[in-house]
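*Asks:* below: sequence and its predicted model.
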Amino acid sequence: MTQQHIKRIAICTGGGDAPGLNAVIRSVVIAAANRGWECYGIRDGFNGILFPERYEDGVFRLTRKHVRNIGHLGGTMLGSTNKGNPLHFPIHMPDGSTREIDRSDEILEYFGKKEVDALVSVGGDGSLTIANALHKKGLKVVGVPKTIDNDLDKTMTTFGFDTAVAFATECIDRLHSTADSHQRVMVVEVMGRYAGWIALHSGIAGNAHAILMPEIPFDLDTVVNVIRGRDNDGRMYSVVVVAEGAIPKDGHLEVVEAAEIGHAERLGGIGDRIAKALQERTGKDTRVVVLGHLLRGGSPTAFDRLASMRFGAAAVRALDAGMSGVMVSLAFPNVDYIALEEVAGRMKAVPMDSDTVQTARDLGICLGD
Ligand code: F6P
């Protein structure tokens, strides 16, 4: 039964984009319209509220018309940002230093002033932590788990992950043939932050010979031995998939940009380091391919599209049922609701006892240990 207290909701997308965001937006807008609710889109995370001077329409009415035929498109029609977390907002001081302030009250004030009753916040760990803080301050909030990294806890999967894995797998497939033709080593660096989900899943699906991920500090000697062993067997090429967050046993995380107030550190460079070391150690021609943001673009797979639509509709159902402070989660075969408190700030690494890790080992794929 529709709750009388909901008349107007808003939706925002924050953090790195992921395929499926537009499908969530479409689903939320239509499910809300079917209940007679108005839906508003906030631009670029919360920037549409925090920087009204930058926009003609930082917060704008979203109708069925706006979301027609967008479900299959990558990106987000609302825009996104992974800078300027309202809880830790950077302020540049006249002396050149930066300090942080909490601007979350401005968001609550906006909702109060415009009589917007609830928020659907679509995002990863950062956005869901913000959502949880807003919920604790009294805003009705439901979160939707997004990230290609699949590193959010308490959901079987996030949307965006399947598309990233599908694309990475296709790329690895293509690299097999060129590596084989040239008898080379191909190193493929994939995103994933501090978790190895993308590397592990695409590496197994793409028949990689070695997969290096943050959960297993790697010893390059083991990879060198795999490459030499394959050469001795007459299999003169090798494909190594490495997660951007993979760490050598006696080394460190590769960071291209340090963390600043309001935004996280940027990872990258491990692929290059490994490729150079492998070339030196094996004497084989070695190339590196960094898939990077390619993994975030493009159309969502059917799985991600469906997950996104289910998540969006489930978020509206949650608000309709009077829930707040929850995240929609996939608990196959159904969707479920988990307290944001249980999700915020918790990273889901690949469990070492998972059958997927076991599968890699059973297939003889080197995991660097
Ligand atoms: O969280 C998604 C993600 O693509 C990570 O895999 C990656 O480390 C990060 O975002 C990259 O962020 P940016 O878009 O700031 O380069």
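*Replies:* That came in fine, so what should we check first?
*Asks:* make it CA atoms for all contacts and neighbour counts henceforth
*Replies:* Noted.
*Asks:* need the pLDDT of the closest residue to the ligand within the stretch 1-150 of the chain.
*Replies:* Nearest residue of the stretch 1-150 of the chain to the ligand (Cα to the nearest ligand atom) works out as G16 at 5.0 Å. Note on G16: pLDDT of 96.
*Asks:* contacts only, for it.
*Replies:* 80-82, 147 (Cα atoms under 8 Å, 6 or more residues apart in numbering).
*Asks:* near the ligand, from those?
*Replies:* The subset of the contacts of G16 lying close to the ligand, counting by Cα under 6 Å from any ligand atom, consists of T147.
*Asks:* among the contacts of G16, which one sits closest to F89?
*Replies:* Here the nearest of the contacts of G16 to F89, counting by Cα to Cα, is N82; it sits at 11.6 Å.
*Asks:* list the contacts of V343.
*Replies:* Per Cα under 8 Å, 6+ apart, neighbours of V343: 125, 128, 152-154, 327.
*Asks:* what residues of stretch 231-243 count as buried?
*Replies:* For stretch 231-243, a neighbour-count test (16 or more other Cα atoms under 10 Å) marks 231, 236-243 as buried.
*Asks:* just the ones in strands from those residues, please.
*Replies:* Among the buried residues of stretch 231-243, the members found in strands (DSSP state E) are 238-243.
*Asks:* quick one, phi/psi of the residue of the stretch 1-150 of the chain closest to the ligand?
*Replies:* Main-chain torsions, G16, degrees, to the nearest 10: phi -60, psi 140.
*Asks:* please state the mean pLDDT value computed over stretch 240-251.
*Replies:* Here the average pLDDT along stretch 240-251 is 97.
*Asks:* and it, does that touch the ligand?
*Replies:* No - on the criterion Cα under 6 Å from any ligand atom, stretch 240-251 is out of touch with the ligand, staying 7.2 Å away.
*Asks:* low-scoring pLDDT stretches of this protein, where are they?
*Replies:* Applying pLDDT under 70 to the chain flags residues 1-4.
*Asks:* if we can go back for a sec, farthest pair in the contacts of V343?
*Replies:* The span of the contacts of V343, defined through Cα to Cα, is set by L128 and K154 at 12.5 Å.
*Asks:* between these two, point out the one with more neighbours.
*Replies:* Legend: neighbour count by other Cα atoms under 10 Å for L128 and K154, higher for L128 (29 against 23).
*Asks:* which strands and helices sit next to the helix or strand containing the more buried one?
*Replies:* In this structure, L128 sits in helix 125-136 according to DSSP states H and E. Where contact means 3 or more Cα pairs under 8 Å, 6 or more residues apart in numbering; DSSP states H and E, helix 125-136 is packed against strand 118-123, strand 140-145, helix 340-343.
*Asks:* repeat that with 10 Å
*Replies:* Other helices and strands packing on helix 125-136, by 3 or more Cα pairs under 10 Å, 6 or more residues apart in numbering; DSSP states H and E, are helix 104-113, strand 118-123, strand 140-145, strand 326-331, helix 340-343.
*Asks:* so which of the ones you listed is nearest A360?
*Replies:* strand 326-331 (24.3 Å).
*Asks:* partners of the closest one in the sheet?
*Replies:* Here strand 326-331 is paired, per DSSP bridges, with strand 140-145 (parallel), strand 334-339 (antiparallel).
*Asks:* quick revisit: most neighbours of all the contacts of G16, which one?
*Replies:* Highest count within the contacts of G16 by other Cα under 10 Å belongs to T147, 26 neighbours.
*Asks:* that one touches G192, doesn't it?
*Replies:* Yes - judged on Cα atoms under 10 Å, T147 makes contact with G192 at a distance of 9.0 Å.
*Asks:* for V24, state which of the contacts of V343 is nearest.
*Replies:* Among these, and counting by Cα to Cα, the member closest to V24 is M327, at 13.6 Å.
*Asks:* gap between the residue nearest to that closest one when sequence neighbours are not counted and T157?
*Replies:* For M327, ignoring the flanking residues on the chain, the nearest one in space by Cα to Cα, 6 or more residues apart in numbering is G143 at 4.3 Å. Distance, G143 to T157, by Cα to Cα, to the nearest Å: 14 Å.
*Asks:* so between those two, which is more surrounded?
*Replies:* G143 (32 against 23).
*Asks:* list the contacts of the more buried one.
*Replies:* 11-12, 119-124, 127-132, 311-312, 315, 324-329, 337-340 (Cα atoms under 10 Å, 6 or more residues apart in numbering).
*Asks:* which of these count as buried?
*Replies:* 11-12, 119-124, 127-132, 311-312, 315, 324-329, 337-340.
*Asks:* can you list the domains in the protein?
*Replies:* 8-159+300-342, 163-297 (automatic domain parsing).
*Asks:* what's the span of the longest one, first residue to last?
*Replies:* When the termini of domain 8-159+300-342 are compared using Cα to Cα, they are 27 Å apart.
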